[in-house]
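*Asks:* no sequence for this one, just the structure:
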């Protein structure tokens, strides 16, 4: 089995390009009308998580939406209450924790569905783990600068 060298910039670029395409397809499927999708993630940890800034049509040049994709559910949120990738990451964590709580209780979430209801017991542990990971990343001050950007600690 071949191992992937995630320190290779070409490998990272290919992964990011695939996530961007995934983001484009997802937003089209969701019917979200939007402007440009960033050419590079606003934040990412390949091969696990990427956060994409999506331009607002109402306010060109401004971020209107954030999309998360990678080794987790692809999802989007409004940028109205999340101005930076760090805030978006925390918002995804909180949203997924709320959805997981509904799954645990056996009640449908009022506005979000992740997978078919009959798969809730299978999806719940993964959703809980991923929301916990997102929260840990978002809450770790050492990983972010004052503008809410990720600090690469690998170099």
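*Replies:* Here it is on my side, so go on. All values derive from a computational prediction rather than experimental measurement.
*Asks:* helix, strand, or coil at the residue positioned nearest the centre of the chain?
*Replies:* The residue lying closest to the centre of the chain (CA atoms, centre = their mean) is residue 68, at 1.8 Å. What DSSP: H, G, I helix; E, B strand; the rest coil gives for residue 68 is strand.
*Asks:* show the contacting residues for it.
*Replies:* Going by CB atoms under 8 Å, 6 or more residues apart in numbering, residue 68 touches 49-52, 74-76, 88-89, 92, 134. The C-beta positions use only the backbone N, C-alpha and C, and glycine is treated the same way.
*Asks:* now do residue 124
*Replies:* 100, 103-104.
*Asks:* whichever of these end up buried, select them in ChimeraX.
*Replies:* Remark: buried members of the contacts of residue 124, expressed as a ChimeraX selection using 16 or more other CB atoms under 10 Å:
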select :100,103
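*Asks:* any idea how far the residue nearest to the centre of the chain lies from residue 117?
*Replies:* To residue 117, residue 68 is 22 Å away according to CB to CB, to the nearest Å.
*Asks:* which is the next helix or strand following the host helix or strand of residue 17?
*Replies:* Element membership of residue 17, judged by DSSP states H and E, is helix 9-30. Next helix or strand after helix 9-30 toward the C-terminus (DSSP H and E): strand 43-45.
*Asks:* mean confidence for that following strand?
*Replies:* Taken as a whole, strand 43-45 has an average pLDDT of 91.
*Asks:* what pairs with it, parallel or antiparallel?
*Replies:* Strand 43-45 has the following strand partners under DSSP bridges: strand 49-55 (antiparallel).
*Asks:* specify the angle between the partner strand and helix 9-30 in degrees.
*Replies:* For strand 49-55 against helix 9-30, the angle by axes from the mean of the first three to the mean of the last three CA atoms, to 10 degrees is 60 degrees.
*Asks:* how far out from the middle of the chain is strand 49-55?
*Replies:* 7 Å (CA atoms, centre = their mean, to the nearest Å).
*Asks:* then stretch 43-59?
*Replies:* Remark: stretch 43-59 is offset 7 Å from the chain centroid, using CA atoms, centre = their mean.
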